[in-house]
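# need a structure here:
(2 chains)
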Amino acid sequence: ETGVTQTPRHLVMGMTNKKSLKCEQHLGHNAMYWYKQSAKKPLELMFVYSLEERVENNSVPSRFSPECPNSSHLFLHLHTLQPEDSALYLCASSQDRQSNQPQHFGDGTRLSIL
Amino acid sequence: GESVGLHLPTLSVQEGDNSIINCAYSNSASDYFIWYKQESGKGPQFIIDIRSNMDKRQGQRVTVLLNKTVKHLSLQIAATQPGDSAVYFCAEQGRGTYKYIFGTGTRLKVLA
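Next comes the predicted model:
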């Protein structure tokens, strides 16, 4: 198993659909993150969970709803998205929510909104 | 270097040559830095990190140099191989925080 696994790898949905992105980490880490990566832009931090508790919601619209049922799994529930939400959504994990620790990323879900 | 505008800067190097990728970071208080490699269709992959109390750190075929005076970070790749073709970006982290500031990246193309 790779360290951080994301499913699905690709998702095409209409603006009225509801879908969920899934992330699973096999590294025994306690912190998990959702990032948005748009073309030619730096990674944008969306949400941070530490020991299943949300500790950061970086001014993300409510059409994105995260869920962290345990320290190994993270979901991003999507509802009524907009075309500008098309992007690569990356999940990452780190040992703890501390400084001087690298974050390890999954391969992302490529999301396209019709 | 870091991208300003719509196009990623591109570095083209001949296979077997050394590559140097640069990053100008923004916060003089940042004290931890990472280089990531992102291949097409994949997520960012950790390459090497360095703390601000160091000027240089070496890994396997890679070296990171940190110049705090001019807020400059570089990644040197020795004997560049086709598999090194990817986008490379740096990330900086301030003291006591888990948040990173990510660069937009440089595309490395390895010519056969």
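# Show me where chain A has its strands.
Secondary structure of chain A by DSSP state E: the strands cover A:4-7, A:10-13, A:18-25, A:31-37, A:44-50, A:53-57, A:64-70, A:73-79, A:87-94, A:104-105, A:109-113.
# can you list contacts of the shortest one?
Judged by Cβ atoms under 8 Å, 6 or more residues apart in numbering or on different chains, the contacts made with strand A:104-105 from elsewhere in the structure are A:3-4, A:25, A:27, A:29, A:35, A:90-94, B:36, B:43-46. Quick note: C-beta positions are derived from backbone N, CA and C, even for glycine.
# if we go to 6 Å?
A:3, A:4, A:90, A:92, A:93, B:43, B:44 (Cβ atoms under 6 Å, 6 or more residues apart in numbering or on different chains).
# Same check on the last one?
With Cβ under 6 Å, 6+ apart as the contact definition, strand A:109-113 has outside contacts at A:6, A:8, A:10, A:11, A:12, A:21, A:81, A:83, A:85, A:86, A:88, A:89.
# okay, those residues in a markdown table with distance to chain B, neighbour count and pLDDT next?
Below are the contacts of strand A:109-113 laid out as a markdown table (distance: Cβ to the nearest Cβ, whole Å; neighbours: other Cβ atoms under 10 Å in any protein chain shown; pLDDT from 0 to 100):
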| residue | distance to chain B | neighbour count | pLDDT |
| --- | --- | --- | --- |
| A:6 | 8 | 23 | 98 |
| A:8 | 13 | 13 | 98 |
| A:10 | 10 | 10 | 97 |
| A:11 | 14 | 17 | 96 |
| A:12 | 16 | 13 | 95 |
| A:21 | 13 | 22 | 98 |
| A:81 | 21 | 21 | 94 |
| A:83 | 18 | 9 | 93 |
| A:85 | 19 | 19 | 96 |
| A:86 | 16 | 16 | 96 |
| A:88 | 8 | 19 | 97 |
| A:89 | 10 | 22 | 98 |
